[in-house]
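Q: what follows is a predicted protein model with its sequence.
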Amino acid sequence: MRPEDWRSLGLKDEEYQMITEILGREPNYVELSMYSVMWSEHCSYKNSKEVLRTFPTKGDRVLQGPGENAGIIDIGDGLAVCFKIESHNHPSAIEPYQGAATGVGGIIRDIFTMGARPIASLNSLRLGTLDDPQVRYIFKGVVSGIAGYGNAIGVPTVGGEVYFDSSYQGNPLVNAMCVGLLEVEKIKLGRATGKGNLVILAGARTGRDGIHGVTFASEELSEAAEEKSPEVQAGDPFTEKLLLEACLELINNDDIVGIQDLGGAGLTCATSEMASRGGTGMEIELDLVPCREEGMAAYEIMISESQERMLLVVTPEKEKKVHDTFKRWGLISTTIGHVTDDGILRIRQGGKVVAEVPARSLAEDAPVYCPAYQEPTYLKTSAALDLQTLPDVQDANQVLLKLVSSPNIASKEWIWQQYDYMARTSTVVAPGADAAVLRIRGTKKAIALSTDCNSRYVFLDPYNGGKIAVAEAARNVVCSGGETLAITNCLNFGSPEKPEIFWQFRETVRGMSEACSAFNTPVTGGNVSFYNETDGEAIYPTPVVGMVGLLEDVERHCTSAFKAAGDVVVLLGDTFDELGGSEYLALIHDKVQGQPPAIDLEKEKALHKTVLAAIKQGLINSAHDLSEGGLAVALAECCFTNEIGAEIFLSKQGLRLDSLLFGETQSRVLVSVAADKLNLLLELAAQNLVPAYEIGQTGGAKLQITVDGSLQINLPVLELKKAWREAIPCALK
Amino acid sequence: MKFGVVVFPGSNGDIDAYHFIKDVLAQPVDHIWHQEESVAGYDCLILPGGSSYGDYLRCGAIARFSPVMKAVKDFALRGGLVVGIGNGFQILVEAGLLPGALYRNANLQFRCRFTYLKVENYHTPFTVAIEHGRLLKIPIAHGEGNYYVDEDTLQRLKAKGQIIFRYADEQGEITAAANPDGSVFNIAGVCNENKNVLGMMPHPERAGEIILGSDDGKMIFDSLFKHWEGSRL
């Protein structure tokens, strides 16, 4: 082997050295390819592993933490929820429709691999600004790709979030989350156990698509990457739907020993991980693998990322039944090998052994790096925000109209009306809410789901931004009436080989871990996506949090919309002069600067406790968390659904007007309450030491906000709603 | 009244239709696998929504060749009650059991949202129990629901009372804005001349419980029960 052989596959010189030491000889090209994909960042987490270990992962409800295809938490009644989020950023940048579609398909496979029936999808998107035609093309393609795959397979897309910022201009983020439901007893793991058991490959034929896809995902994007489109796979939701039904039938009938989907690094990953987890080896006969084209080389078959394939380990007695089941579903399944007890992954083709390596060395023994880290220099200047030099609001009406028309705040209906969010008839709270709520049939329960991350905050202060990402996801779940249970996360960053990026990564994880510990929401798994850079420029650090919550009684769910005229509007939580990192500052003053709002996790917990109790006791009619755009935007959003206005009276108490109306101070929730229950709510808040301010009343056709006797905002709800609804469709015309 | 929900490869509304009939309507119901060659013993067949055969080639174009479709056709021609919902409507059209064709939505996008349906003919097994003038709030979820018939066929459908549902706004006005997919004459559902086969793009099985936003879908099935009881007298 020449250095260019391994370097062109993305392996470092010292990594090649390690491989020769493991094997006691030089690897051949097939083996080298297998190591290169398994030791890529995407599969091995070699740069992030040490830091990820600091996440809290244990909890009473955790049935399966990180390390398997997806995490699982117990929701009682013998039922469990399986969930995970994963990135498909680079494929979506190159081929938006297929990149996003296969992202959805991949995460759905991760869920049913565990024995769970997928019941909901969410997605978190980050794109450049919509004035760029390339961004509009990517945006439309990604949304229709998510719709195309999710709608066809019948898994409702119930929520998510989208932000537009020039930081993502050349490197969009497409993170897909899937949630499944299963009986606790039916959990299946990706393990190959039992010498002599058979290895079956089922689903689509293996083609030349996606060769070296994980290596591609572990590189920065450049002009040259645009020529890499053959590395983006094509999705086939129809085949996946059949595969889903067949696999769940086999799992329910207890017909298989272990199962794993083929995703990144294809057959190499599935065989080596299953054998490694089972403490076994495997012998695979490549001549038996159904291929899409003739003459595929051994390395191509081993690392192909053709979609919609599953690997199963079954006992010889069940072999026929398993093949019969796949056949009934119209799928190809082939016995391609067997489990051994020598720990070796042995691959044969044409009667010869073409690869022979310890399975564990592929799956577990990748080098672990502790990359250098250093506080970024930009933080020295970005933190400075002199409010003295910043003119305060003159025309608050105009600012509010601008804010609700900002694509980051505007209605996302253009997106979610393309998703079938009602399939499976369990969606109780549809997209557009703080969190989606799905009932669990056969019980009184429901789950609440939310994805969140304000990456501007993380950019300006990774530690606090990381905390806020978790806190906001939790607050959203709480506002829907859910008790927070656990999170999955997708950590999207630039290159970990740059010390300043790795510092962002460490600090973010530190903040997230603290918040997860405080809220008792362990991390049950997730995904790291590094190398999100275009021509050397990294995206904002974007740690997307996917939070799962539980409602004991689905009838006691809550939404953000005002329900009736004459209710009292109460703001829970204090407001400070905090404009750093706000949407207001970016949109009106064109600055991404300052310290993001502070976050006190104890205060946040007290707020959660209060809101949850108020919802459970039926005290409040609506609850909405305050986020981008602050109090004024949150009030407007509460008015939209039922077109009920509000008359609000505020006092500056020494604050700037813009901070009061548009600042993004954390740990605040806006609720509406019937007049006769106001005192009970105020008592509840006082017990939990949560500040509660009676700020006005719902009703009328206008949103009116008076500050210290002067009418600052006076706009018809319909005018605001029109601006809010039409912003994204207009930007796309 | 015994229902059979036909399951094609790629169907997914079968789960919802089954749940709706069993748990909400409390009626006996079975899944019928697409390779079955008999539908004997059922009083009403549901062809559910989804993407049969991945909607490849054209929605419903492959499913109509499934073995079960011959039995469905015979059942329908003998006067058996058949309801095709979404993809099921597309299959009925492809199978020639209903007139017209379903194009891609005029806006070229998938649409999922609630619609309001105006009932055009109350004298059918699917509408006989619906209060006159009552709008039905029922959701759609489709990318190819743009119903097309030529002018002559439209006149014939009107004359024979085969137009069952039309998209209206919340006040019951038939407007272009209320038409979610560009369907001719705002048509959301039609039946055959004999009035025993209904195809509709909106999903009544998704509007079975208030917690999901509406239970108006039940009125179509209440009509089926009323018709069924009447026909047995």
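A: Received, thanks. Values in this document were obtained by computation on a predicted structure and should not be read as measured data.
Q: contacting residues for A:Leu63?
A: Under the criterion of C-beta atoms under 8 Å, 6 or more residues apart in numbering or on different chains, the contact list for A:Leu63 reads A:72-74, A:80, A:184, A:187. The way it works is simple: take the backbone N, C-alpha and C, and place the C-beta from them, glycine included.
Q: can you check A:Ser48 too?
A: A:Ser48 neighbours (C-beta under 8 Å, 6+ apart): A:41, A:491, A:496, A:505, A:528, A:530.
Q: try it again with 7 Å
A: Neighbour list for A:Ser48: A:496, A:528 [criterion: C-beta atoms under 7 Å, 6 or more residues apart in numbering or on different chains].
Q: output stretch A:500-510 as PDB, nothing but the C-alphas.
A: Extracted in PDB, the C-alpha atoms of stretch A:500-510 (Å, rounded to 0.1, in the frame of the first residue of the first chain):
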ATOM      1  CA  GLU A 500     -11.700  26.800  18.200                       C
ATOM      2  CA  ILE A 501     -14.500  24.600  16.800                       C
ATOM      3  CA  PHE A 502     -13.600  21.800  19.300                       C
ATOM      4  CA  TRP A 503     -13.800  24.300  22.100                       C
ATOM      5  CA  GLN A 504     -17.300  25.200  21.000                       C
ATOM      6  CA  PHE A 505     -18.100  21.500  21.000                       C
ATOM      7  CA  ARG A 506     -16.800  20.900  24.500                       C
ATOM      8  CA  GLU A 507     -18.500  23.900  26.000                       C
ATOM      9  CA  THR A 508     -21.800  23.200  24.300                       C
ATOM     10  CA  VAL A 509     -21.800  19.600  25.600                       C
ATOM     11  CA  ARG A 510     -20.900  20.900  29.100                       C
END
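Q: picking up where we left off before, filter the contacts of A:Leu63 down to the buried ones, PyMOL style.
A: Per 16 or more other C-beta atoms under 10 Å in any protein chain shown, the buried members of the contacts of A:Leu63 correspond to this PyMOL selection:
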select buried, chain A and resi 72+73+74+80+187
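Q: can you list the contacts of A:Leu63 in JSON lines and add distance to A:Ala515, secondary structure and pLDDT?
A: Below are the contacts of A:Leu63 laid out as JSON lines (distance: C-beta to C-beta, whole Å; DSSP: H, G, I helix; E, B strand; the rest coil; pLDDT from 0 to 100):
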{"residue": "A:Ile72", "distance to A:Ala515": "22", "secondary structure": "strand", "pLDDT": "98"}
{"residue": "A:Ile73", "distance to A:Ala515": "18", "secondary structure": "strand", "pLDDT": "98"}
{"residue": "A:Asp74", "distance to A:Ala515": "22", "secondary structure": "strand", "pLDDT": "98"}
{"residue": "A:Ala80", "distance to A:Ala515": "24", "secondary structure": "strand", "pLDDT": "98"}
{"residue": "A:Val184", "distance to A:Ala515": "28", "secondary structure": "helix", "pLDDT": "96"}
{"residue": "A:Ile187", "distance to A:Ala515": "28", "secondary structure": "coil", "pLDDT": "93"}
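Q: helices or strands next to the helix or strand hosting A:Phe139 in the packing?
A: Taking DSSP states H and E as the definition, A:Phe139 sits inside helix A:133-153. Helix A:133-153 is packed against helix A:96-113, strand A:117-127, helix A:237-252, with contacts defined by 3 or more C-beta pairs under 7 Å, 6 or more residues apart in numbering or on different chains; DSSP states H and E.
Q: of all these, which gets the most neighbours per residue?
A: Highest mean neighbour count of those: helix A:96-113, a mean of 27 (counted as mean count of other C-beta atoms under 10 Å in any protein chain shown).
Q: off-centre distance for that helix?
A: 12 Å (C-alpha atoms, centre = their mean, to the nearest Å).
Q: pLDDT wise, what is A:Gly67 at?
A: Note on A:Gly67: pLDDT of 88.
Q: typo on my end, it should be A:Arg208
A: 88.
Q: quick one, phi psi at it?
A: Per-residue torsions, A:Arg208: phi -90, psi 10 (degrees, to the nearest 10).
Q: ok, it - contacts?
A: A:293, A:296, A:300, A:304.
Q: helices of the stretch 151-300 of chain A, residue ranges please.
A: A:213-217, A:237-252, A:266-278, A:298-303 (DSSP state H, counting those that start in this stretch).
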